[in-house]
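Visitor: Fold the following for me, if possible:
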Amino acid sequence: MNSIRGWSSSDSFEIQMIYECPLPINPTINSSEIIATKFSTVNLTCWVDFDEICPQYLFWYFNDQQAPLESSEKYKEELKDTNSKCKKEYILSIFNVTENDMGTYSCHWLCEYETTTKAAIDLKVSSEASSLLGRFL
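Guide: The predicted model follows:
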């Protein structure tokens, strides 16, 4: 850059940029159907928009039952950071999967100031023997 001879300046400016996450939208999922092997552990994942302004709550439901699932010997809920400031992974681990676990699991995002949103995943269970037999047919 050219300068004017005999003139100097020491002025500088500082610009502070604050990134605000966009308004939350529905949770997203990778697949609407997952097939798990009997007696295995399966992880169901949905990605939720994270809004620091809104007090938010996350729940997993099974077959639209009244009460949300809770962490126990059967289930584990986990919220993980992603590479985005505005998204989190909300994971439900289901241990020792059986036919009783087949059904629709829905991830619900609730904010006091917004409408509740959800995403659903259908879980199917197969036994290893029938899966192997199907490969040879």
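Visitor: Next, find the distance separating the closest residue to residue 41 other than its chain neighbours from residue 42.
Guide: Ranked by C-beta to C-beta, 6 or more residues apart in numbering and with sequence neighbours excluded, the top spatial neighbour of residue 41 is residue 95, at 5.1 Å. C-beta coordinates here come from the backbone N, C-alpha and C atoms, glycine included. Separation of residue 95 from residue 42 (C-beta to C-beta, to the nearest Å): 9 Å.
Visitor: just residue 114 next, same as before
Guide: Counting by C-beta to C-beta - residue 114 and residue 42 are separated by 29 Å.
Visitor: For these two, indicate the residue with more neighbours.
Guide: residue 42 (18 against 14; other C-beta atoms under 10 Å).
Visitor: what are the phi and psi values for that one?
Guide: Dihedral pair for residue 42: phi -120, psi 140, per degrees, to the nearest 10.
Visitor: Please enumerate the helices of this structure.
Guide: 128-136 (DSSP state H).
Visitor: in it, which spans are strands?
Guide: If DSSP state E is used as the criterion, the strands of the chain fall at 28-29, 33-37, 42-49, 56-62, 75-81, 87-94, 103-111, 117-126.
Visitor: Flag every buried residue along stretch 81-100.
Guide: 87-88, 90-92, 94, 97 (16 or more other C-beta atoms under 10 Å).
Visitor: out of the residues you listed, who's nearest residue 64?
Guide: The shortest approach to residue 64 among the buried residues of stretch 81-100 belongs to residue 92, at 15.1 Å (C-beta to C-beta).
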